[in-house]
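K.L.:
Everything below, folded, please.
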Amino acid sequence: MNGKKAVMAVSGFALFGFVNVHMLGNLQVFLGREAFNRYAELLRAEPALLWAARIVLLTMVILHIWASWKLMVLNKLRARPVGYVMKRSIVSSYASRTMYWSGPIVGAFVIYHLMQFTWGVGGTSHDPKDPYGNVVHGFQVIPIAIAYVVAMGLLMLHLYHGAWSMFQTLGVNHPRYTPLLKRFAQVVSIGLFLGFSSIPASVMAGLIQ
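P.N.:
Alright, predicted model coming up:
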């Protein structure tokens, strides 16, 4: 079980880092069409590096899903065979109790996100030479923009619990430092939510056109 937790922690750490870098890249949309399209073109400048990064990320995703599934099965097998008359979540947080269903929902969102902005089959306008325009046209569809914000909220909950749990799994656990790590996970998760959500919100408000 400890090995599976380590796999989940390491893969989660890699994905956590990617999400932060991805947000910083996406926020360049506020610099305007030329700057954002230049950033998008830079990502495609070296196909070998791009595909290497994609393979690493896909591997991390598969490992993360595999470890979480195995841990969920083990937890169910070790669970109390007779159900409680009244179930009370005293210690666990809301974020920790939603880990197993927020993950798949965010995963489904990521697939649609790729369909919309990378593969061009998401049902919104797509021009490979104008990523900036794709973002604007995509988030001008209000249901898609709202779904994006909701998905970012679930991602925030998932990352909040996963980030500080990751430190505990990797042995970074001390009565003095654990509250600080938990606060760090909270601040970063909220920052990611605000950063990602600011883009569809700005499009809907007409600030990005």
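K.L.:
What mean pLDDT does whichever helix in the chain runs longest get?
P.N.:
In the chain, with assignment by DSSP state H, the single longest helix is helix 47-78. Across helix 47-78, pLDDT averages out at 84.
K.L.:
Ok, stretch 19-36 next?
P.N.:
For stretch 19-36, the per-residue pLDDT averages 95.
K.L.:
For it, C-alpha coordinates in PDB please.
P.N.:
Extracted C-alpha coordinates of stretch 19-36, given in PDB (Å, rounded to 0.1, in the frame of the first residue of the first chain):
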ATOM      1  CA  VAL A  19      -0.800  22.700 -13.800                       C
ATOM      2  CA  ASN A  20       1.100  25.600 -12.400                       C
ATOM      3  CA  VAL A  21       3.200  26.100 -15.500                       C
ATOM      4  CA  HIS A  22       0.100  25.600 -17.700                       C
ATOM      5  CA  MET A  23      -1.700  28.400 -15.800                       C
ATOM      6  CA  LEU A  24       1.200  30.800 -16.200                       C
ATOM      7  CA  GLY A  25       1.300  30.100 -19.900                       C
ATOM      8  CA  ASN A  26      -2.500  30.600 -20.300                       C
ATOM      9  CA  LEU A  27      -2.400  33.900 -18.400                       C
ATOM     10  CA  GLN A  28      -0.500  35.300 -21.300                       C
ATOM     11  CA  VAL A  29      -3.800  35.700 -23.100                       C
ATOM     12  CA  PHE A  30      -4.200  38.900 -21.100                       C
ATOM     13  CA  LEU A  31      -1.100  40.200 -23.000                       C
ATOM     14  CA  GLY A  32      -3.100  40.200 -26.300                       C
ATOM     15  CA  ARG A  33      -3.400  38.100 -29.400                       C
ATOM     16  CA  GLU A  34       0.100  38.500 -30.700                       C
ATOM     17  CA  ALA A  35       1.800  37.600 -27.400                       C
ATOM     18  CA  PHE A  36      -0.500  34.600 -26.700                       C
END
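K.L.:
Show me what counts as buried in it.
P.N.:
For stretch 19-36, a neighbour-count test (16 or more other Cβ atoms under 10 Å) marks 19, 23, 26, 29, 33, 36 as buried. Every residue, glycine included, has its C-beta placed from N, CA and C.
K.L.:
May I ask which two of those residues are separated the most?
P.N.:
Greatest spatial distance among those (Cβ to Cβ): 19 and 33, at 24.4 Å.
K.L.:
re the thing from before, please state the offset of the longest helix of the chain from the chain centre?
P.N.:
13 Å (Cα atoms, centre = their mean, to the nearest Å).
K.L.:
helices or strands next to that helix in the packing?
P.N.:
On a contact count with 3 or more Cβ pairs under 8 Å, 6 or more residues apart in numbering; DSSP states H and E, helix 47-78 meets helix 2-26, helix 99-117.
K.L.:
helices or strands next to the shortest one in the packing?
P.N.:
Packed against helix 99-117 by the contact rule (3+ Cβ pairs under 8 Å, 6+ apart) you find helix 47-78, helix 131-139, helix 142-169.
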